[in-house]
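# A predicted structure for the sequence below; I have some questions about it.
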Amino acid sequence: MFHLYLNNELAGKLEIDKNQRMSFSYYEAYIDRYSVPVSYAMPLATGIPPTVFHDEVVFPFIENLMPEESMRLKIQKRNNVPEGDLGRLIELMAGDMAGAISILPIGVEPEGRNEAPLTKPKLNKILLDTNSSPFNLDNDNGRRVGLAGAQNKLPVTILNNLIYLTSDKSSTHILKPESEKIEFGQLVYNEFFCMNLCKRVGINTAGASLIEVLNKDGIESDCLSVERYDRNIQGGLVTKIHQEDFCQLNGHLSSKKYDTGIGIDFFDLIAFIKERCISPQLDTKQIVNLYIFNLVIGNRDAHAKNISFLYHNDGGIALAPAYDLVCTEVFDTLSREITMPVNGKATITEINSGDLRSVSEEIGMPYKDFTKNVDLLMESIKGQSQEILHEMEDMNLYEDSIKHIKQILAIIRDNSRILTSILK
Ligand SMILES: Nc1ncnc2c1ncn2[C@@H]1O[C@H](COP(=O)(O)OP(=O)(O)O)[C@@H](O)[C@H]1O
Ligand SMILES: [Mg+2]
């Protein structure tokens, strides 16, 4: 049995039986004092005996908190976790996760140990080690950190410019080092460029910067540092804001994130926002702009786990800032299909003006205004991408990195041309 905390407040208990079936129930004291549920699928409700949520809702929620694909396999192998033993993964990782959640063995408190700040060589070594030992979790070192996704990453706490390894206390940033896979060379600079571009064109986006590190060959390189939008720092004190991704909100397992067959279409996302969010107008505008942005920059990885929602203290939800933005189109091995199709259309050349017209109708915007908005956004993307390129040219990066960014700019030009002809 585990205790489940939200922002260090004991919320309920999670039980996993010997067949790995999960159940969850809230403690009454939590329901009396707080309004944020652990999950949309597990609303707060008083009752005697308390409501018990069963495996069909609890399992997808928990599974989606965990790393995915090869990342999960590596962790399992490295720590001798049998396939499917989520209880053991929880024990290893579920201290500091996405949102405000911590799931801890009973008797372990959510307050963390105080670690010394990392020196540069130590940070370098740990980041390199994470290639074989994701999240630096080896040997039950009690660090208990984890995030979803298939890329290598390390949540850290950065306070007053000092970087700390996160144990059970809260991380504030996510470091994403260079990919081990040669075919994804320059990914750090690609993501840095796309994240900053998105922010500059007025879309609410997590902050992203570069941190100098040494790569495995001892050569100076950079890792991406992304500010966590699900953390609030005041006077050195970090509090967590709860979040769920769109897979969790639909009760789908993480392996379904690309599966358009399960019905996650862009219109489902708009419908969800209109129905559930506290500021539907603001959030639909943001999601439409983000959709267009992803079309233009060639990000074909904007699936249901790369869209999240934040909980306000009163339990209301709002679209989270954009994250994990990459021009995937520049990588030859990756699919050209849009991961969240519009009207079932999965490539930019398939989309027609009728599809965009139905998006404008869905968000209640006259098509003329809609096309004007898209035109302005495209102009802004083109202008700002030039500016960021110039700034990156001044950053003393390797020639290959700049070449990669120039390729992205060419993709942006091509996609803008296609989109302009669709709009006509
Ligand atoms: N800036 C952020 N703030 C809070 N949570 C984030 C942020 N960026 C990513 N996450 C969480 O971490 C998970 C993995 O990060 P992501 O950048 O998507 O990695 P990957 O490239 O491996 O998919 C996301 O699914 C989301 O839950
Ligand atoms: Mg992701």
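Nice, thanks for sending it over. Ligands and ions are numbered 1, 2, ... in the order given.

# Adjacent strands (with direction) for whichever strand or helix holds I158?
Here I158 sits within strand 154-159, counting by DSSP states H and E. The strands beside strand 154-159 in its sheet (DSSP bridges) come out as strand 162-165 (antiparallel), strand 173-176 (antiparallel).

# winner for burial among the ones you listed?
Among these, the stretch with the highest mean neighbour count (mean count of other Cβ atoms under 10 Å) is strand 173-176, at a mean of 22. Using the backbone N, CA and C atoms, a C-beta is placed for each residue, glycine as well.

# ok, it near ligand 2 or not?
No: applying Cβ under 5 Å from the ion, one finds strand 173-176 out of contact with ligand 2, separated by at least 10.0 Å.

# Kindly report the same for stretch 332-348.
No: figure legend: stretch 332-348 not in contact with ligand 2 (Cβ under 5 Å from the ion); closest approach 10.6 Å.

# so where's the stretch 1-150 of the chain uncertain?
In the predicted model, the stretch 1-150 of the chain carries pLDDT under 70 at residues 111-114, 139-140.

# could you redo the last one with a cut-off of 80?
46-49, 111-115, 138-142 (pLDDT under 80).

# can you give me the helices for it?
Counting by DSSP state H, counting those that start in this stretch, one finds helices in the stretch 1-150 of the chain at the ranges 28-33, 55-63, 69-78, 86-93, 120-129.

# ok so, going back, ok and the strand holding I158 relative to helix 120-129, angle-wise?
In terms of direction (axes from the mean of the first three to the mean of the last three Cα atoms, to 10 degrees), strand 154-159 departs from helix 120-129 by 160 degrees.

# Please enumerate residues in contact with strand 154-159?
Applying Cβ atoms under 8 Å, 6 or more residues apart in numbering, the contact partners of strand 154-159 are 96, 118, 126-127, 130, 135-136, 145, 147, 163-166, 169-175, 177, 225, 228, 233, 236, 238.

# Buried subset of these as a PyMOL selection?
Written as a PyMOL command, the selection of buried residues from the contacts of strand 154-159, which uses 16 or more other Cβ atoms under 10 Å, is:
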select buried, resi 96+118+126+127+130+135+136+145+147+163+164+165+166+169+170+171+172+173+174+175+177+225+228+238
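
# Touching, I264 and A304? I think so.
Yes: I264 lies in contact with A304 (Cβ atoms under 8 Å); the separation is 5.0 Å.

# between the helices of the stretch 1-150 of the chain, which one is nearest to ligand 2?
With Cβ to the ion as the measure, helix 69-78 is the member of the helices of the stretch 1-150 of the chain nearest ligand 2 (10.8 Å).

# Any part of the closest one near ligand 1?
No: Helix 69-78 is not in contact with ligand 1 by Cβ under 6 Å from any ligand atom; minimum separation 7.2 Å.

# what's the angle from that helix to helix 86-93?
Calculated by the same axes, to 10 degrees, helix 69-78 forms an angle of 90 degrees with helix 86-93.

# which residues are common contacts for I264 and A304?
Joint contacts of I264 and A304 (Cβ under 8 Å, 6+ apart) are 246, 250, 252, 340.
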